[in-house]
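Undergrad: test case, fold it:
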Amino acid sequence: MNLSSLFIRRISHRSSKPWAYYHVHFSTFCSDIMETGNLIDDSLERAAFSNDEQAVTDEVLAILETVDPMENALEHISPFLSPDIVTSVIEEQQNQRLGFRFFIWATKRKSLRSWASHNLVIDKLFNENVFELFWKTLEELKISRVPITSYPFAVLIAAYAKFGMATQAVESFGRMKEFDCKPDVFTYNSILYVMVKKEVLLLALAVYNMMLKSNCGPSCSTYGILIQGLCSTGKLRDALQLVDEMTQRGISPDKVTYTIILSGLCQANRTTDAKRLLGTMKSSGCCPDSITYDALVNGFCKLGKIDEALMLLESFKNEGYCVGLKGYSSLIDGLFKASRFYEAHQMYNKLLGEKVTPDLMLYTIMIRGLCGDGKVKVAIKLFKEMSERGVEPDTQCYNTLIKGFCDMGMLDEASSLKLEISKDGHFPDAHTYTILISSVCRKGLIMEAREIFNEMEKVGCFPSVVTFNALIHELCKAGDLQEARLLFHKMEIGRHPSLFLRLSQGINRVIDSVTLQKMVERLCESGLIIKAYKILVQLADSGVLPNITTYNILINGFCKAKNIGAAFKLFKDLHLKGLYPDSVTYGTLMDGLQRVGREDDAFGIFDQMVKSGCIPTSSNYKTLMTWSCRRGKTSLSFSLWLKYLRTLPSCEEEGIKLVEEHFDKGEVEEAIRGLLEMDLKVKEFDLSPYTIWLIGFCESGRTKEALKIFSILEELKISITAPSCVKLIACLCKEGNLHMAIYIFMHSLEKGTILMPRICNNLICSLLSSKDKVKHGLALVGRMKNAGYDLDLYLNRRNKFLLHRHWEKQETKMCDQGK
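TA: The predicted structure is shown next:
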């Protein structure tokens, strides 16, 4: 059939306007028509062309049905096509193969691509499951030597991903070479998104390196996808390196990327950096939206910085931010976790007053908060209420209530609720079992914990890293380090020991994350991307790898057992496994070295920690301070705390120097008062250093200085800890200063502090054994009884004997007086 006559007939049939009306805008195609029949005169050529998209669509459909191959004929009509027409053609074409072939041809031109046609083809592939037909179409084009761009592969990848077929998506990317097709940035981004979502980050980074080597420039979306993957796995340092690389390439982060990085900074407790980045974001002209603000509020709340979150909220409101369901949920959750239960309930009522409807997440938060407040009955009532309102609980919601039961010691009720989960079409997950295991572990029921652990494996629910950590922690506490180590190795090997053994053998054996990354990169360079993907997925499915918490638990167990060699072997291993030691790791090693008298090595670890870029926390400083005090080095302990204060953003250098001078002169009272003056300005006052010094002075026989600290804290109405009282009473009893010892004990009674039996018995024994202090001893016993002490349990046999003897003497004396 003559193509020009077909074209004219179809147009004239469909439109009331004469053919010449369209000619001006069909100049390219009409030159061919004029050659065949000189059909259009000069006057008609000057007529305007109508935007009759349906007419063009019909003409394209006619070409698809009658011309084979269609590509040359379509080239003539291409100037008159638009993205909307492409979508209409695909939608109206009944023959899927022809529709796919047209789509592949049309999308060679970027100007004809659209999200509408992209999504339409994905829906067709997804809903009608015609992936095989799409591949056959690609094969036809390959045989016909028709060039194919990467765009159809990007669509295939997206369709497979939507269908939950990530393996086929990766395979599609790997097969592009067969069709002499190089991925563009859009295709790379499509496959990177799939890989990050499947948590095969090593492969995603290897593909990213392939992208750079092929001179395909990454886009902002590329970095956003990778940064999201790194942040979600806690690799903030690597994520920030990518941000630097991104800016070096002249790519400015967009709103989405900024939000991802802000969330990551909050997760890493770098809130100051998060605020600074928000300022940078605004100054760069990238305006934050509600998602950005919600992410920041959520980040601060998760860190327990509720007041800062509320302050941020007020500043955000000035910029037009309105608190929605997500914002309220974050704040309520944060308030509950900070034990600010009344404020949490107030905010929930405020939310209801603003006609905001709670969703499943908010109900779960409320149930968790109520359980945390000990109001399990109210939580159960809310649990039933949500179901009545049409909000069905999921496994996570059930887990929240199960944990509430466990925290209250109601293990039977928790086990019963676990059985109810399946009634709503859900099933207990690793978290459900972990809650139960942790609960029985807290009661010291290790055998029961092992039974639950074995049960979850039998029902096909593989333990999570938290599950393993809970059991390993309890085994370490019980001193069963060998069993804990075996469980640790079970984590490493996973459910597929054969895979573990296969990878760990041969020349290119995989023994850690570094060698695994090299293997993945080697496979990608060889074009075996699908093989790399399958290995990584199988590794992920085979179990869970020990995380930094696992290593910290085991290192702590070995340190407490004074097996420093084993602890340092694990410390070395975690580096090989691609994990970074955190402040807990370093702090545990410092404490372990101090336990075996290796003080210099402990300070060496502290220096190593600083050099590695891991910022020491107050806990790290306090570990060294405590041990320094135990060795009578109170001055060193004091210097360490001043060193820590100098690292804080709110550092008052002049005040610190003045305190330092007072301490160097031996003016302890002035030094302590100066420090307290600075510390009390901070919202979260830390009593720990004062407790460390008070106990340190006691242990080094400097009771006078210890009493000065006690007096200042008492004067300022600061609660004094039970260990401080115990140490002071012990020192005073040793020195024979029973009058002051009684005063300290009475202070603890007034504050409702219950002291340990040993110190109580020592003081009472000293008083009852002293001729002039017996009355004080008897009075003290009476005060203890009134304060809630169970004397029958607390008093030892000697003191009971002394009391009995004194009471007998009193009775005898009263009888004698009566006679």
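Undergrad: ok, now which ones touch residue 82?
TA: Going by CB atoms under 8 Å, 6 or more residues apart in numbering, residue 82 touches 53, 112. (Each C-beta comes from the backbone N, C-alpha and C, glycine too.)
Undergrad: do you know how far it is from residue 465?
TA: 53 Å (CB to CB, to the nearest Å).
Undergrad: got it, and residue 309?
TA: Applying CB to CB to residue 309 and residue 465 gives a distance of 29 Å.
Undergrad: kindly report the same for residue 100.
TA: In this structure, residue 100 and residue 465 are 44 Å apart, going by CB to CB.
Undergrad: and the two? which has more neighbours close in?
TA: Shown here are residue 100 and residue 465; by other CB atoms under 10 Å, residue 100 has more neighbours (26 against 17).
Undergrad: check which helix or strand that one maps to.
TA: helix 96-106 (DSSP states H and E).
Undergrad: from the contact counts, what lies against the next helix or strand after that helix?
TA: Using DSSP H and E, the helix or strand that follows helix 96-106 in sequence is helix 115-128. Other elements packing on helix 115-128 under the criterion 3 or more CB pairs under 8 Å, 6 or more residues apart in numbering; DSSP states H and E are helix 83-92, helix 96-106, helix 151-162.
Undergrad: please tabulate those in JSON lines, including the columns mean pLDDT and distance to residue 575.
TA: Shown next, in JSON lines, are these (pLDDT from 0 to 100; distance: least, CB to CB, whole Å):
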{"stretch": "helix 83-92", "mean pLDDT": "90", "distance to residue 575": "53"}
{"stretch": "helix 96-106", "mean pLDDT": "90", "distance to residue 575": "49"}
{"stretch": "helix 151-162", "mean pLDDT": "90", "distance to residue 575": "35"}
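Undergrad: now distance to residue 392 too, for these, in CSV please.
TA: Shown next, in CSV, are these (distance: least, CB to CB, whole Å):
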stretch, distance to residue 392
helix 83-92, 36
helix 96-106, 38
helix 151-162, 25
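Undergrad: looking at those helices, spot the one closest to residue 744.
TA: Closest to residue 744 of the helices and strands packed on helix 115-128 is helix 151-162 (CB to CB; 68.0 Å).
Undergrad: what packs against that closest one?
TA: Against helix 151-162 (3+ CB pairs under 8 Å, 6+ apart) you get helix 115-128, helix 131-143, helix 166-174, helix 185-197.
Undergrad: TSV for these, including distance to residue 375 and mean neighbour count?
TA: Shown next, in TSV, are the helices and strands packed on helix 151-162 (distance: least, CB to CB, whole Å; neighbours: other CB atoms under 10 Å):
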stretch	distance to residue 375	mean neighbour count
helix 115-128	46	17
helix 131-143	53	16
helix 166-174	43	22
helix 185-197	39	23
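Undergrad: mean pLDDT and distance to residue 806 for the ones you listed - can I get that in CSV?
TA: Formatted as CSV, these follow (pLDDT from 0 to 100; distance: least, CB to CB, whole Å):
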stretch, mean pLDDT, distance to residue 806
helix 115-128, 88, 89
helix 131-143, 90, 93
helix 166-174, 87, 81
helix 185-197, 90, 76
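Undergrad: adding distance to residue 487, write these out as a markdown table.
TA: Below are the helices and strands packed on helix 151-162 laid out as a markdown table (distance: least, CB to CB, whole Å):
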| stretch | distance to residue 487 |
| --- | --- |
| helix 115-128 | 43 |
| helix 131-143 | 43 |
| helix 166-174 | 31 |
| helix 185-197 | 30 |
